[in-house]
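Visitor: could you work out the structure for the sequence below:
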Amino acid sequence: MYPTVAEVLALPVLRQGRPHVVAGSAGLERAVRWAHVAEIAEIAPLLRGGELVLTTGVALPDDGAALARYVTDLAEVGVAGVVVELVRHWSDRLPRALVEAAEKCGLPLITLSRETRYVAVTEAVNGLIVDAQVAELRAAERVHETFTALTVAGAEPGVVLGEVARLTGQPVVLETLEHEVLAYDAAGLDPGELLTGWPARSRVVQLGERTGYHAAAGFLVTVVGARGHDWGRLVLVCAEPPPHRFRVVAERAASALAVHRLVARDSDTLERQAHRAVLTELLASPAPSAEALARASALAVPLTGRRLIGLAVRPRVTATTRPALSTPPLRRELAEATALATRRAKVSALVSTDETGVRALIALSPEAAAETVLSRLATDIHEARASAPCVIAVGTTVTGSAEARRTLVEAAQVAAAALGEGVERPLHRLRDVRLRGLLHLLEGDERVSAFAARELGPLLQRDTASGSRLVQALRHYCEQGGNKSAAAVAAHTSRTAYYQQLARIEQVLGVRLEDPESMLSLYVALLAHDLAAATRTSEENSPGRAAQ
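Guide: A predicted model of the protein is given here:
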């Protein structure tokens, strides 16, 4: 970082010359790249900008127009300021033309009323500059070491952004090329304020270089990508033009993020992770925070003033497909198929994987035809997963983000019930799962478990002890609504043998199956028993359980 004109004037070697700013005081914060002694009037073409020009004025003209041209030429090449010693040429004050031209150009013009050794000034100033450059190089080396370590460790984007915020003290955002926020670190500021209206604010910032500063927006932007495939932008929010070390930090962070994406191909995309974070918060709290709403909006999924519909997509598990369908890669493919379907339908949605499949929250405008949208989504998802069938369930349509949790939970419960039902439908709703859905709502309730054990316990014990299949016979009877003949056909058993099984069931349980309440109680108990068995099987086959 270069010293400013004001900092240079504060050096002892210049203070003893009694410096006085006679014009261009607004430019005292300009950076001084070098201190240069120059006596000739035609020095401007030989400069590069950023120099503090030191002169005694002995070779400068007295003509007002020539002096004005001298100052204008210096201002055009971008010098930081001009210091004139009032000893040899002008002993009292500078010509008015010189002062007025400097003020007009905003060029700091400083006089020294005492004779000053300019060689000592250049040594002090240039030494200060060199020290600053060395410090900057050392800082850049530390930045390099920091992000190299993060890259080697495979640090997640959140960790990388946290380091960017720590090193710069500025908020930082990782976004897609469509300006959707994937991750951020507010650096201690209000996240809601940082993210509100983000896509619109970011969209206007278009730079022709991989790293650049947009002064109007206050964004330092660097493109993120590798092997010629750019996929995002890292945005450092800086109200003032950032120092060079901020660019170094941003570029090294972008490299670390690009490498992470290359090596993390077996994990969810950053977009799915960002969506999951918002959905998790919506599920965890009945009243979403302002930050959660801002994060959803920054992902181009506004939740305010929209109709919200929870969606759950679950792979349909069979004996032959269970091993393949329980893998995280398939759930990720299912999530991407769902996200693609929402994009094709041109609807906003949060989509992420969960422990058993995919959850999504669709945000529709008040004018959208919800049934048409849902039908199209179901068709596209089923077509995309033709080789791996799935169940798609929806929750109740709600208004307002405060009810988002309700529709998401309903969709998950309907999906779980529909998987056990075995009925093929494009979409499953609460009204489709009926009693089975109610039992899923009560899953884990000890009273339901106790009821099922009380109703079926003796029959289960008999099957275990003797190897009989009385529970299965009872299931066929209940599923056929008490029609013994139809139940015998479903069980692939002769009527005589099946009737004997029913008689044995009545004997073991001490009930009459023809009694409507008995059949209903036993059927409810069977559904609860099957649900508990399916839950245990799912837990045993989960990747986490298998790893143990």
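Visitor: okay, CA-based contacts and neighbour counts for the rest of this
Guide: Noted.
Visitor: tell me, how many residues neighbour G208?
Guide: 6 (other Cα atoms under 10 Å).
Visitor: just A153 next, same as before
Guide: When neighbours are counted by other Cα under 10 Å, A153 registers 10.
Visitor: and the residue nearest the centre of the chain, what does it touch?
Guide: By Cα atoms, centre = their mean, the mean C-alpha position of the chain lies nearest to L182, the distance being 2.2 Å. Counting by Cα atoms under 8 Å, 6 or more residues apart in numbering, L182 makes contact with V173, L174, E175, T176, L270, E271, Q273, A274, L299.
Visitor: 7 Å instead?
Guide: L174, E175, T176, L270, E271, A274 (Cα atoms under 7 Å, 6 or more residues apart in numbering).
Visitor: likewise for Y184?
Guide: Y184 neighbours (Cα under 7 Å, 6+ apart): G158, L161, V172, V173, L174.
Visitor: is it true that the third one touches V235?
Guide: Read it as V172. Yes. Here V172 lies in contact with V235, judged by Cα atoms under 7 Å, at a distance of 5.6 Å.
Visitor: looking at the two, which one has more neighbours?
Guide: V172 (27 against 24).
Visitor: show me what that one is bridged to.
Guide: D185, L236 (DSSP bridges).
Visitor: now do it against S352, distance only.
Guide: 24 Å (Cα to Cα, to the nearest Å).
Visitor: then L86?
Guide: 73 Å.
Visitor: just the ones in helices from the contacts of L182, please.
Guide: L270, E271, A274 (DSSP state H).
Visitor: can you tell me which residues contact the nearest residue to A80 once chain neighbours are set aside?
Guide: In space, A80 comes closest to G50 once its chain neighbours are excluded; the distance is 4.8 Å by Cα to Cα, 6 or more residues apart in numbering. For G50, the contacting residues are A31, V32, R33, W34, G78, V79, A80, by Cα under 7 Å, 6+ apart.
Visitor: ok, the last one touching R30?
Guide: Looking back up the chat, that one is A80. Yes. Judged on Cα under 7 Å, A80 makes contact with R30 at a distance of 5.8 Å.
Visitor: shared neighbours of these two, which are they?
Guide: Counting by Cα under 7 Å, 6+ apart, the residues touching both A80 and R30 are V5.
Visitor: higher neighbour count, these two?
Guide: Neighbours per residue (other Cα under 10 Å) separate A80 from R30, with A80 holding more: 26 against 21.
Visitor: residues in contact with the more buried one?
Guide: V5, R30, A31, V32, G50, E51, L52.
Visitor: any idea how far it lies from V5?
Guide: Counting by Cα to Cα - A80 and V5 are separated by 7 Å.
Visitor: E123: neighbour count?
Guide: E123 sits with 13 neighbouring residues when counted by other Cα under 10 Å.
Visitor: packing partners of the one helix or strand it maps to?
Guide: According to DSSP states H and E, E123 maps onto helix 118-153. Packing partners of helix 118-153 (3 or more Cα pairs under 7 Å, 6 or more residues apart in numbering; DSSP states H and E): helix 12-15, strand 34-37, helix 244-263.
Visitor: now the helices for the stretch 401-548 of the chain?
Guide: Using DSSP state H, counting those that start in this stretch, the helices of the stretch 401-548 of the chain run over 404-421, 430-441, 446-466, 470-479, 484-490, 495-509, 516-540, 543-547.
Visitor: low-scoring stretches of the stretch 301-450 of the chain, by residue?
Guide: Scanning the stretch 301-450 of the chain for pLDDT under 70 picks out 317-326, 386-387, 420-422, 434, 436-437, 440-441.
Visitor: try it again with 80
Guide: 316-328, 385-388, 417, 419-423, 430-445 (pLDDT under 80).
Visitor: can you pull out the strands in it?
Guide: Secondary structure of the stretch 301-450 of the chain (DSSP state E, counting those that start in this stretch): strands at 307-315, 348-353, 358-364, 390-394, 398-399.
Visitor: for R512, find the nearest of those strands.
Guide: When the strands of the stretch 301-450 of the chain are compared by Cα to Cα, strand 390-394 sits nearest R512, at 37.1 Å.
Visitor: okay, the closest one in PDB with CA atoms only?
Guide: Output in PDB follows, covering the C-alpha atoms of strand 390-394 (Å, rounded to 0.1, in the frame of the first residue of the first chain):
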ATOM      1  CA  CYS A 390     -40.100 -42.500  -7.800                       C
ATOM      2  CA  VAL A 391     -43.000 -41.200  -5.700                       C
ATOM      3  CA  ILE A 392     -43.800 -37.500  -5.900                       C
ATOM      4  CA  ALA A 393     -45.900 -36.000  -3.000                       C
ATOM      5  CA  VAL A 394     -47.100 -32.500  -2.500                       C
END
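Visitor: could you dump the helices and strands packed on helix 118-153 to JSON lines with distance to L67?
Guide: Below are the helices and strands packed on helix 118-153 laid out as JSON lines (distance: least, Cα to Cα, whole Å):
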{"stretch": "helix 12-15", "distance to L67": "24"}
{"stretch": "strand 34-37", "distance to L67": "18"}
{"stretch": "helix 244-263", "distance to L67": "35"}
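Visitor: what's the burial count for the residue nearest to L361 when sequence neighbours are not counted?
Guide: With Cα to Cα, 6+ apart as the criterion, L361 has its nearest non-adjacent residue at 4.7 Å, and that residue is G310. Other residues near G310 come to 26 when the count uses other Cα under 10 Å.
Visitor: now do the domain split for the protein, please.
Guide: In terms of domains, the chain is parsed into 5-127, 154-263, 270-439, 446-545 (source: automatic domain parsing).
Visitor: and of those, who's closest to L137?
Guide: If you check each of the domains of the chain against L137 by Cα to Cα, domain 154-263 wins as the nearest, at 8.8 Å.
Visitor: gap between the two ends of the closest one?
Guide: Length of domain 154-263, first residue to last, Cα to Cα: 8 Å.
Visitor: quick check, pLDDT for V159.
Guide: Predicted confidence (pLDDT) for V159: 93.
Visitor: dump the host helix or strand of it to CSV, keeping only the CA atoms.
Guide: Assigned by DSSP H and E, V159 belongs to helix 157-168. Extracted as CSV, the C-alpha positions of helix 157-168 are listed here (Å, rounded to 0.1, in the frame of the first residue of the first chain):
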residue,chain,number,x,y,z
PRO,A,157,-16.7,-22.7,0.6
GLY,A,158,-18.0,-21.3,3.9
VAL,A,159,-14.6,-21.7,5.4
VAL,A,160,-12.9,-20.1,2.4
LEU,A,161,-15.3,-17.1,2.5
GLY,A,162,-14.7,-16.8,6.3
GLU,A,163,-11.0,-16.5,5.7
VAL,A,164,-11.6,-13.8,3.0
ALA,A,165,-13.8,-11.8,5.4
ARG,A,166,-11.1,-12.2,8.2
LEU,A,167,-8.3,-11.0,5.9
THR,A,168,-10.1,-8.0,4.4
